[in-house]
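Q: Curious how this folds, go ahead:
(one chain, ligands or ions: 1)
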Amino acid sequence: MPFSEVLDQPSATDYLKKSVLGRVPQALLFCGPSGVGKKKAALEFAKALNCLDPVARQNGDACGLCAHCKAIDNGTYPDVVVADFLYQARLELKKDPGDKGYEDELEKELAKQQRIKVDTIRDITAKSQQKSAVNGWKVFIVDEAQSMQTEAANALLKFIEEPPQKTVWVLLTDKKASMLKTILSRCQPLQFAPLPQETVQQLLAQTNPDVADPALAAKYAQGSLTRAQRAAEALEILQAAPQGPAWPAAAAAALPRTMTAARQDAQAVLDVVTLAVHRVWRQAQNEAERKACQQALKKLENYKIAVARNVSPALTVETALMGLDKLHIQI
Ligand SMILES: [Zn+2]
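A: Here you go, the predicted structure:
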């Protein structure tokens, strides 16, 4: 049953099953770190509301196999829309997917996305007013809801307050505190927890079979598949050379060539190294060691800010790693 594929979120999935069988709230807010199954749960919820299998529906779940479930999986079900940065990039590109070079242009457009804009919200709210194509439930999922521009959030307000019949909004966020109170007060919140390390390891092995050591990446993931995927990239860079004099330059040289990817991977490298320093700090034997760790952590925070502000990712990674030579961190 598909809800069982949303791993280790029993309270959220139980709530969703019960609401499929009983009363569906008009707006839900899934809160929790990225990479713990929020979007998957939203799609399973959409399936459960629209599944054609009466046996699955009796349990408030979906079969995962009928035409509706499959169309939702493939993103072709007309009444289920996921408004995320990819959706917005497609809208902004204003080109036909069949055009030459479309995928490359879409990737560039996607890398630019930072906020959910008012035009995107207007696009989906217009869709929410159209008649259902199949007379089922219409489900509108807004990812990264905390990133909505104020104008976008205000444009959404009246639609989540008074949606048409059989319409449900699902907002996803990893930063509930950054959202407008007016939006929060209209949504039923549902908390998603960080995943156990073994679950992250299992999911990483499934989604990224090329990762050499999923168990190690999961250790740096803090319960999030997204973080595990980033940590796996970072570990590959950090393992470009053994730790020693050649390590900082080798890691810097192993960063990707394009600026956007290099910046992302540099952040991931700094995150992994920060956790490794934390580990040394927790096991420190004396005050001098603890102080050295604290200073290193402070510097690492500054390096993260530097990378975000367009300082060369390679230079920052190299300098950051050179500053750690006396701490004996273990990656
Ligand atoms: Zn089904």
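
Q: Would you mind naming what in this structure lies close to the ion?
A: 51, 53, 62-63, 66, 69 (C-beta under 5 Å from the ion). Every C-beta, even on glycine, is put in place using the N, C-alpha and C of the backbone.

Q: Select from these every entry located in helices.
A: Here DSSP state H is the test, and these give Cys69 as lying in helices.

Q: among the residues of the chain next to the ion, which ones are buried?
A: Of the members of those, the ones counted as buried by neighbours, 16 or more other C-beta atoms under 10 Å, are 51, 62-63, 66, 69.

Q: Same list (those) but as CSV, adding pLDDT.
A: As requested, these are arranged in CSV below (pLDDT from 0 to 100):
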residue, pLDDT
Cys51, 96
Ala62, 96
Cys63, 96
Cys66, 97
Cys69, 97
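
Q: Show me the two of those residues that sit farthest apart.
A: Put simply, by C-beta to C-beta the two of those set farthest apart are Ala62 and Cys66, 8.0 Å from each other.

Q: Now list whatever residues contact both of these two.
A: Taking C-beta atoms under 8 Å, 6 or more residues apart in numbering as the contact criterion, the residues that touch both Ala62 and Cys66 are 51, 53.

Q: For whichever strand or helix holds Ala266, name the packing helices and strands.
A: Secondary-structure element containing Ala266, defined by DSSP states H and E: helix 259-282. Helices and strands in packing contact with helix 259-282 are listed as helix 225-238, helix 287-308, helix 313-322; criterion 3 or more C-beta pairs under 8 Å, 6 or more residues apart in numbering; DSSP states H and E.

Q: could I get these as JSON lines with mean neighbour count and mean pLDDT?
A: Formatted as JSON lines, those follow (neighbours: other C-beta atoms under 10 Å; pLDDT from 0 to 100):
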{"stretch": "helix 225-238", "mean neighbour count": "22", "mean pLDDT": "96"}
{"stretch": "helix 287-308", "mean neighbour count": "15", "mean pLDDT": "95"}
{"stretch": "helix 313-322", "mean neighbour count": "20", "mean pLDDT": "96"}
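
Q: closest one to Ala193 among the ones you listed?
A: In terms of C-beta to C-beta, the element of those nearest to Ala193 is helix 225-238, at 13.2 Å.

Q: and that closest one with helix 313-322, angle?
A: Our comparison of helix 225-238 with helix 313-322, counting by axes from the mean of the first three to the mean of the last three C-alpha atoms, to 10 degrees, yields an angle of 80 degrees.

Q: Okay, strands next: where are they in the stretch 1-150 of the chain?
A: 27-31, 80-83, 138-142 (DSSP state E, counting those that start in this stretch).
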